[in-house]
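Participant: Could you work out the structure for the sequence below:
(one chain, ligands or ions: 1)
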Amino acid sequence: ADAELGGYAHFMEKEIFEQPTALENTMRGRFSEDGSTAQFGGLNISAVDLRQVDRVHLLACGSAWHACLVTEHLIERFARLPVEVDYASEFRYRNMPLGSNTLFFTISQSGETIDTLAGMREAKRKGYKVLAVSNVVGSTIAREADGGVYQHVGPEIGVASTKAFTSQILIGAMLSLYLGRMRDMSFSEGVEVVNALKGTPDLVRKVLEQAPRIREIAKRFAHYHDFLFLGRLSLFPVALEGALKLKEISYIHAEGYPAAEMKHGPIALISENCPSVFFVPSGEMFNKVVSSMQEIKARKGKIIAIATANCDLPAGLADEVITIPECHESVLPVVATVPVQLLSYYIAVELNRDVDKPRNLAKSVTVE
Ligand code: G6P
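Facilitator: Here you go, the predicted model:
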């Protein structure tokens, strides 16, 4: 195993640091020659049929479900299609009215999660095409799907998903671009998005360079028992993912919320004993997020801000600031995920947890 670890202490650490390469592999060969859209070899659905789609339904479990929530934002934004996201385990027993031109997508790293498989079978039984995003070639979900996209990030050994998750979001962005370019997205906007996506691995490298600093922050915060993760729009699912990572590998209680929703309950938890991790992008939501931070500060809550470089955060508002590079909205969720992976990883290491094999969890859940 030491050889496989290649000098890293855990597979999770290795997989976090592999992300620039993993994301390059996810994108390889998947942009059109004119550089204005994405292309996929295995969708098995014609452009004419895809053009008829008027709703997208996404099914998954765990981190892959968070990837669906990010994809929902991106599809709405770039393709202007309504999107439904379901936990596969709920969808399989619900009986919701479905439109006739709905396209189903499942996301599953392993391609073996039983609830995801069952949700997919239910959609197929109802006569829908189901496409799959998966990392494992020839997995059950990949085989039973009508078509799909392989992630190509290599085996993920750590139970807590890292490179598979960011690759799923990247595919979500590429699919949104592809569906968008069939609809209202112009050539020039397409080129802008393609260029942004191609730049993702370098942006992730820049975040990884901050690992030593994030490790210091992790040491200062490892003794807390409760955390909130707060983000808005496409960063709300990243907040959920940050909270999940921390729970999974450090056994610290954490919850993710949309930053403004915090005042409807979670704020009751805030004291000097419950820190908050805020995602702070520049742009339309900046002032709103800052005012949520002020509400936390007024209640003596500690704050770790994950802020884009061009943000003008009021001095002293955050106890710690992790700066991420300014970036296009299509890649922001990927870039913003990396600091919370590192933070939860280093907190778990600080607490001597079994990072790659956390208690009670399985890499792939094949029982209902
Ligand atoms: C398990 C893993 C999670 C994963 C989820 C879905 O709970 O611990 O990391 O996100 O299953 O797995 P899948 O293989 O379907 O993406």
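
Participant: which residue ranges form the strands in the protein?
Facilitator: Using DSSP state E, the strands of the chain run over 55-60, 83-87, 102-108, 130-134, 147-150, 226-231, 253-258, 276-280, 303-308, 320-324.

Participant: What strands line up against the last one, and which way round?
Facilitator: Neighbouring strands of strand 320-324 in its sheet, by DSSP bridges, are strand 303-308 (parallel).

Participant: So what touches the strand it pairs with?
Facilitator: For strand 303-308, contacts defined as CB atoms under 8 Å, 6 or more residues apart in numbering pick out 217, 221, 275-282, 293, 296-297, 313, 317-327, 332, 336, 339-340, 343. From N, CA and C alone the C-beta is placed, and that goes for glycine too.

Participant: Which residues of the stretch 151-300 of the chain lie near the ligand?
Facilitator: With CB under 6 Å from any ligand atom as the criterion, the stretch 151-300 of the chain meets the ligand at residues 159, 160, 161.

Participant: Who wins on neighbours among the residues you listed?
Facilitator: Neighbour counts for these were taken using other CB atoms under 10 Å; the highest belongs to residue 160, with 30 neighbours.

Participant: Surely that one touches residue 13?
Facilitator: No: with contact defined as CB atoms under 8 Å, residue 160 does not reach residue 13; the gap is 11.0 Å.

Participant: So for these two, which residues contact both of them?
Facilitator: By the contact definition CB under 8 Å, 6+ apart, residue 160 and residue 13 are jointly contacted by residue 355.

Participant: Who are the contact partners of residue 171?
Facilitator: Neighbour list for residue 171: 26, 133, 149, 151 [criterion: CB under 8 Å, 6+ apart].

Participant: which of those residues lies closest to residue 126?
Facilitator: Using CB to CB, residue 133 is the member of the contacts of residue 171 that sits closest to residue 126, with 20.4 Å.

Participant: Sort out which of the residues of the stretch 151-300 of the chain next to the ligand are in helices and list them.
Facilitator: Mapping these onto helices (DSSP state H) picks out no residues; all lie outside.

Participant: The most centrally placed residue in the chain: what's it in contact with?
Facilitator: Residue closest to the mean C-alpha point of the chain, counted by CA atoms, centre = their mean, is residue 67 at 4.3 Å. By CB under 8 Å, 6+ apart, the residues touching residue 67 are 60, 107, 133, 165, 168, 169, 172, 237.

Participant: so what's it closest to, chain neighbours aside?
Facilitator: For residue 67, ignoring the flanking residues on the chain, the nearest one in space by CB to CB, 6 or more residues apart in numbering is residue 168 at 3.7 Å.

Participant: Tell me which residues touch that neighbour, please.
Facilitator: 63, 64, 67, 71, 107, 109, 133, 151.

Participant: what residue ranges in the stretch 151-300 of the chain score low on pLDDT?
Facilitator: Low-confidence regions of the stretch 151-300 of the chain, defined by pLDDT under 70, are absent; no residue qualifies.

Participant: Point me to the residue of it nearest the ligand.
Facilitator: For the stretch 151-300 of the chain and the ligand, the shortest gap (CB to the nearest ligand atom) falls at residue 161, measuring 3.9 Å.

Participant: any idea how far that residue lies from residue 62?
Facilitator: Distance of residue 161 to residue 62, given as CB to CB, to the nearest Å: 7 Å.

Participant: pLDDT wise, what is residue 1 at?
Facilitator: Model confidence at residue 1, expressed as pLDDT, equals 65.

Participant: got any residues that touch both of residue 161 and residue 62?
Facilitator: Counting by CB under 8 Å, 6+ apart, residue 161 and residue 62 have no common neighbour.

Participant: now the end-to-end length of stretch 23-36.
Facilitator: Its start and end residues considered, stretch 23-36 measures 19 Å (CA to CA, to the nearest Å).

Participant: Please read the previous query as pertaining to stretch 251-263.
Facilitator: For stretch 251-263, the first-to-last residue distance is 25 Å (CA to CA).

Participant: just stretch 214-233 next, same as before
Facilitator: 24 Å.
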